[in-house]
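Colleague: Below is the structure, and that's it, no one-letter string:
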């Protein structure tokens, strides 16, 4: 075996190892990536077949509690998505509140595995604020919608 051929084998083996490592990293990321969508995004195209997050305001009069089975509507003023959740809601959860729910779409409803509420009056996830601004429900310079403030 010549030096040139041996060097070629080492280079090919290195590229094969690099490709295998990249494939493993991408496979690991695929299981852990969670995308954020607004109710308008989901209404336009059902994009939440895998685990994802949706954010918006809890629509007034939509909260229904039956023990630990909870359902409510999440809206960004342009569209509304029905959310179903089993568990205990955060203490700050209420109608008109900005929330983010993590889960999957199933038969036209979003089945949430986790519900997050804002932690104080001065914070809103940037994605929720952007979705509300894009929908025209909240314009920069105006007071935030009821129950919502953002820096």
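Modeller: Sure thing, it's come through. Everything numeric in this text was worked out from a predicted model, so none of it was measured. Residues are numbered from 1 along each chain as shown.
Colleague: Give me the neighbour count for residue 91.
Modeller: 7 (other C-beta atoms under 10 Å). C-beta: built from backbone N, CA, C; applies to glycine.
Colleague: Could you say which helix or strand holds it?
Modeller: Here residue 91 sits in a region with no helix or strand, counting by DSSP states H and E.
Colleague: Show me where the protein has its strands.
Modeller: 35-37, 52-58, 64-66, 69-75, 80-86, 98-106, 109-117 (DSSP state E).
Colleague: Give me the mean pLDDT for the fifth one.
Modeller: Averaged across strand 80-86, the pLDDT comes to 90.
Colleague: tell me what it is packed against?
Modeller: Here strand 80-86 touches helix 39-44, strand 52-58, strand 69-75, strand 98-106, strand 109-117, going by 3 or more C-beta pairs under 8 Å, 6 or more residues apart in numbering; DSSP states H and E.
Colleague: How about the third one?
Modeller: With contacts taken as 3+ C-beta pairs under 8 Å, 6+ apart, strand 64-66 sits against strand 69-75.
Colleague: Give the buried residues for the strand it packs on.
Modeller: By neighbour count on 16 or more other C-beta atoms under 10 Å, the buried set for strand 69-75 is 70-75.
Colleague: sorry, back to before: dump the strands of the chain into TSV; add distance to residue 128 as well.
Modeller: Below are the strands of the chain laid out as TSV (distance: least, C-beta to C-beta, whole Å):
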stretch	distance to residue 128
strand 35-37	9
strand 52-58	4
strand 64-66	22
strand 69-75	10
strand 80-86	13
strand 98-106	5
strand 109-117	10
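Colleague: of those, which approaches residue 4 most closely?
Modeller: Nearest to residue 4 among the strands of the chain is strand 35-37 (47.9 Å), distances taken as C-beta to C-beta.
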